[in-house]
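Q: Return atomic coordinates for the entry below.
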Amino acid sequence: YLARTHLVYGEWLRRENRRPEARGHLRTAHEMLQSFGAAAFADRAQRQLLATGETVRKRTVATPGGSLTPQEGQIAHLARTGLSNPEIAAKLFLSPRTVEYHLSKVFTKLAITSRQQLAKALPDLSHDHA
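A: Numbers count the residues shown, from 1 in each chain. Here you go, the predicted model:
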């Protein structure tokens with residue numbers, strides 16, 4: 001439901017000529033829907049992104065050692081400090097489910113299965129975040 005909500009809200013923002021805002025929601029929807037295997041909805045999100053003037057990257061399968069996106073890195077760092085998903089969500093103005101989604105991608109990319117493993121899997125990011 002969260003992915004479809006991002007899609008519908010992104011479509012509405014695009015129709016309201018709020019393209020920069022729409023892109024973030026449509027990008028999130030596209031990534032989530034593709035990861036779930038909801039091809040028809042992912043294609044719809046891709047068409048909407050193209051309508052905003054953005055190009056859509058082809059999805060790559062997450063592999064151990066794959067690079068983290070800036071948001072994944074920020075969420076991983078906060079999780080490493082011991083914050084819960086709701087606490088991370090409040091800090092970043094996201095939903096706890098979105099945090100959970102990004103953490104699952106982080107775990108896959110880093111080939112780990114728990115938050116305790118984040119300390120060893122991540123380099124020290126303390127100089128990157130306040």
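
Q: For Asn17, see how far away the spatially most central residue of the chain is.
A: Nearest to the geometric centre of the chain sits His102, at 4.9 Å (CA atoms, centre = their mean). Applying CB to CB, to the nearest Å, the value for His102 to Asn17 is 29 Å. All C-beta spots, glycine's among them, are computed from the backbone N, C-alpha and C.

Q: same check, this time on Glu100
A: Counting by CB to CB - Glu100 and Asn17 are separated by 32 Å.

Q: Run a quick neighbour tally on the residue nearest to the residue nearest to the centre of the chain when sequence neighbours are not counted.
A: Nearest residue to His102, sequence neighbours excluded (CB to CB, 6 or more residues apart in numbering): Ile75, at 4.8 Å. Residues within reach of Ile75, counting by other CB atoms under 10 Å, total 27.

Q: what's near enough to touch Ile75?
A: 88, 92, 99, 102-103, 106 (CB atoms under 8 Å, 6 or more residues apart in numbering).
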